[in-house]
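**Student:** 3D model of this:
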Amino acid sequence: MTVEVQATRDVVDIITGGWRAQALYTAVKLGLPDHIEAGRNTCAELAKSTGANEQGIHRLMRLLVAMGVFEGSESTGYRSTTVSAALLDGPESLRDMCLLYGEEFYSAWGHAHHAISTASSGFEVAYGRSFYDYLSQDAATARRFQQTMNAGSMFFHQVPEVFDFSGGKTVVDVGGGGGHLLATILGATPDAAGTLFDRAHMMPKAREHLAAAVGLDRVHLVGGDMFKDVPTGGDVYILCRVLAGWDDEAVVKVFENCRRAMADSSSRLLILDRFVEDEDSTVLPALWDLHLLMTTGGEHRTLDRVEGLLNRAGLDIARIAELPMETTALIAAPRPRN
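**Tutor:** Next up is the predicted model:
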């Protein structure tokens with residue numbers, strides 16, 4: 001059989017994807033986006049600023065320009081692009097995402113054959129412990145992971161557009177992390193109040209962010225374990241990207257805890273997450289799902305499967321809304337108690 005030229009090209013493009021990712025990671029690790037933005041636009045200047053070999057920088061820059069990360073050349077000087085601008089060090093940067101994906105997550109994907117063959121975490125093979133155990137013992141990686149989660153939160157500002165938080169509602173963000181989603185909701189809804197609920201070690205960073213963003217007079221911070229209980233009396237309970245790392249029984253338990261804690265029958269559970277489709281799937285959701293297997297052993301679920309878990313907990317889907325970054329909002333209502 002003769003292999004088509006385009007098929008060969010497609011295979012080469014796919015199998016060299018990891019090389020491109022590592023080239024971008026190296027650029028971020030060396031701080032090249034910031035150096036070029038500051039006007040250091042030759043390989044000699046970049047080598048001097050980073051301590052790297054000038055010829056190595058030259059060869060890296062040649063690829064990064066071809067990839068569209070930078071523009072220009074050695075003769076004309078290198079220039080920033082919208083891609084490199086997204087990697088500049090700052091509060092909304094994708095810098096930490098590139099570092100995390102280029103180091104810990106890249107190592108986890110190095111054990112893809114094991115992970116897929118056993119349906120277990122590649123990260124545990126690479127590091128000898130679970131991803132979350134690793135985060136609890138490595139403050140720098142935990143901070144990088146939180147920044148990565150924040151960088152993927154470009155849909156947050158549209159959440160108040162798909163759900164009405166007004167009317168003096170109390171919003172309980174379960175597994176709320178650093179408080180960015182809750183701050184966004186409260187900032188858009190002046191009469192709402194909030195409770196951020198997460199593990200105790202998340203409280204200092206969340207307190208700092210919420211104090212600066214909306215003020216602590218509108219927010220309670222509660223440390224705890226969502227698998228045991230959640231704060232009671234909320235009008236809206238939110239689960240944003242926290243379910244994928246847990247099995248079905250654990251997820252049902254969280255749903256039940258939220259259902260039990262709701263103020264009354266008008267309360268709602270708002271689930272913000274990616275969902276996979278078994279028919280006609282696009283690449284990104286399928287890729288994120290496989291990435292969860294590599295890192296935590298978790299998975300993204302189909303809508304039908306999540307609906308079944310909600311039903312077991314006494315909740316019914318009332319409405320579905322689409323958000324950016326291939327994220328979906330599920331609004332679930334409590335089923336009347338017998």
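**Student:** List the residues that contact His111.
**Tutor:** Gly122, Phe123, Val125, Ala126, Met294 (Cβ atoms under 8 Å, 6 or more residues apart in numbering). Backbone N, C-alpha and C define where each C-beta goes, glycine included.
**Student:** Could you do Arg301 as well?
**Tutor:** Leu243, Ala244, Phe275, Val276, Leu309.
**Student:** Output those in TSV; the columns should cover pLDDT and neighbour count.
**Tutor:** Below are the contacts of Arg301 laid out as TSV (pLDDT from 0 to 100; neighbours: other Cβ atoms under 10 Å):
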residue	pLDDT	neighbour count
Leu243	92	22
Ala244	89	18
Phe275	93	19
Val276	92	17
Leu309	98	18
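**Student:** and those residues, which of them are in helices?
**Tutor:** Leu309 (DSSP state H).
**Student:** right, and out of the contacts of Arg301, which lies closest to Glu326?
**Tutor:** Taking Cβ to Cβ as the measure, Glu326 lies nearest Phe275 of the contacts of Arg301, at 8.9 Å.
**Student:** Contacts only, for that closest one.
**Tutor:** By Cβ under 8 Å, 6+ apart, Phe275 lies in contact with Pro285, His300, Arg301, Thr302, Leu303, Val306, Thr328.
**Student:** so where's the stretch 1-150 of the chain uncertain?
**Tutor:** Judged by pLDDT under 70, the stretch 1-150 of the chain has its weakly predicted residues at 1, 3.
**Student:** now with 90?
**Tutor:** 1-4, 90-92, 132, 135-140, 142-150 (pLDDT under 90).
**Student:** try the stretch 151-300 of the chain
**Tutor:** Across the stretch 151-300 of the chain (using pLDDT under 90), the flagged ranges come out as 151-154, 177-178, 199-202, 205, 244-247, 263, 278-285, 288, 298.
**Student:** Can you give me the buried ones in stretch 82-95?
**Tutor:** Within stretch 82-95, the residues scored as buried using 16 or more other Cβ atoms under 10 Å are Val83, Ser84, Ala86, Leu87, Leu88, Ser93, Leu94, Arg95.
**Student:** Out of these, list just those in helices.
**Tutor:** Among those, the members found in helices (DSSP H) are Val83, Ser84, Arg95.
**Student:** does the second one really touch Asp34, like I thought?
**Tutor:** Same thing as Ser84. No. If you go by Cβ atoms under 8 Å, Ser84 and Asp34 don't touch, sitting 9.1 Å apart.
**Student:** For the helix or strand containing Ala115, name the packing helices and strands.
**Tutor:** Using DSSP states H and E, Ala115 falls within helix 112-118. Applying 3 or more Cβ pairs under 8 Å, 6 or more residues apart in numbering; DSSP states H and E, one finds that helix 112-118 contacts helix 122-127, helix 283-295.
**Student:** Same list (these) but as TSV, adding distance to Phe227 and mean neighbour count.
**Tutor:** Below are the helices and strands packed on helix 112-118 laid out as TSV (distance: least, Cβ to Cβ, whole Å; neighbours: other Cβ atoms under 10 Å):
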stretch	distance to Phe227	mean neighbour count
helix 122-127	20	21
helix 283-295	18	17
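**Student:** any chance of those helices in TSV, plus distance to Leu186?
**Tutor:** As requested, these are exported to TSV (distance: least, Cβ to Cβ, whole Å):
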stretch	distance to Leu186
helix 122-127	34
helix 283-295	28
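**Student:** For Ala38, find the nearest of these.
**Tutor:** Of all those, helix 283-295 comes closest under Cβ to Cβ, at 33.0 Å.
**Student:** helices and strands around that closest one, which ones?
**Tutor:** Contact partners of helix 283-295 among helices and strands, from 3+ Cβ pairs under 8 Å, 6+ apart: helix 104-109, helix 112-118, helix 122-127.
**Student:** To Asp173, which of those lies closest?
**Tutor:** helix 104-109 (25.4 Å).
**Student:** Just the CA atoms of the closest one, as PDB, please.
**Tutor:** Extracted C-alpha coordinates of helix 104-109, given in PDB (Å, rounded to 0.1, in the frame of the first residue of the first chain):
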ATOM      1  CA  GLU A 104       4.900  17.600  35.800                       C
ATOM      2  CA  PHE A 105       2.200  17.000  33.200                       C
ATOM      3  CA  TYR A 106       4.700  16.200  30.500                       C
ATOM      4  CA  SER A 107       6.200  13.600  32.700                       C
ATOM      5  CA  ALA A 108       2.800  12.100  33.400                       C
ATOM      6  CA  TRP A 109       2.100  11.800  29.700                       C
END
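**Student:** Ala140: neighbour count?
**Tutor:** 8 (other Cβ atoms under 10 Å).
**Student:** now, the most widely separated pair of the contacts of Arg301?
**Tutor:** Pairwise over the contacts of Arg301, using Cβ to Cβ, the maximum falls at Val276 and Leu309, 14.7 Å.
**Student:** Quickly find the element holding Lys228.
**Tutor:** Per DSSP H and E, there is no helix or strand for Lys228.
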